[in-house]
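Q: below is the sequence, then the predicted model.
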Amino acid sequence: MNWTLFRNARIVIGAEELQWALKVPWGETPVCETSVRELQGWPTLHTANAGDEVFPGITAHLAPGHTPGCLVYVLKGSERDVIFTGDAAKNGPSFLSVRPT
């Protein structure tokens, strides 16, 4: 919702996530439908797919569940990687309770 505050920023959203948000009927998700439609045509918007390097050293990874196209981002580090989960993992216990499938 706050992307309009950063008019010149490079905005990255998952391609699958954007398509999902555009197709879901109004009022059925917490996504503000009018904002998504405006965002779709934003000049600095870039869509990402799993495996894409969205910034130097930062790779997108698909993590569906919260939403179908939810992405997490991994920053490759020299000693260890850093994972930005966004709201895919809302707290430590939630993150640790997930079992790989």
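A: On my side now, so go ahead.
Q: quick one: residue 36 is in a helix?
A: Yes. The assignment for residue 36 by DSSP: H, G, I helix; E, B strand; the rest coil puts it in a helix.
Q: and the nearest residue in space to it that is not next to it in sequence, which of the three is it?
A: In space, and not counting its chain neighbours, residue 36 is closest to residue 21: 4.5 Å by C-beta to C-beta, 6 or more residues apart in numbering. Using the backbone N, CA and C atoms, a C-beta is placed for each residue, glycine as well. Secondary structure assignment for residue 21 (three-state DSSP): helix.
Q: quick one, what contacts residue 21?
A: 29, 31, 33, 36, 67 (C-beta atoms under 8 Å, 6 or more residues apart in numbering).
Q: swap in 10 Å and give it another go.
A: By C-beta atoms under 10 Å, 6 or more residues apart in numbering, the residues touching residue 21 are 13-14, 29, 31-33, 35-37, 39-40, 67-69.
Q: then residue 25?
A: Residue 25 neighbours (C-beta under 10 Å, 6+ apart): residue 33.
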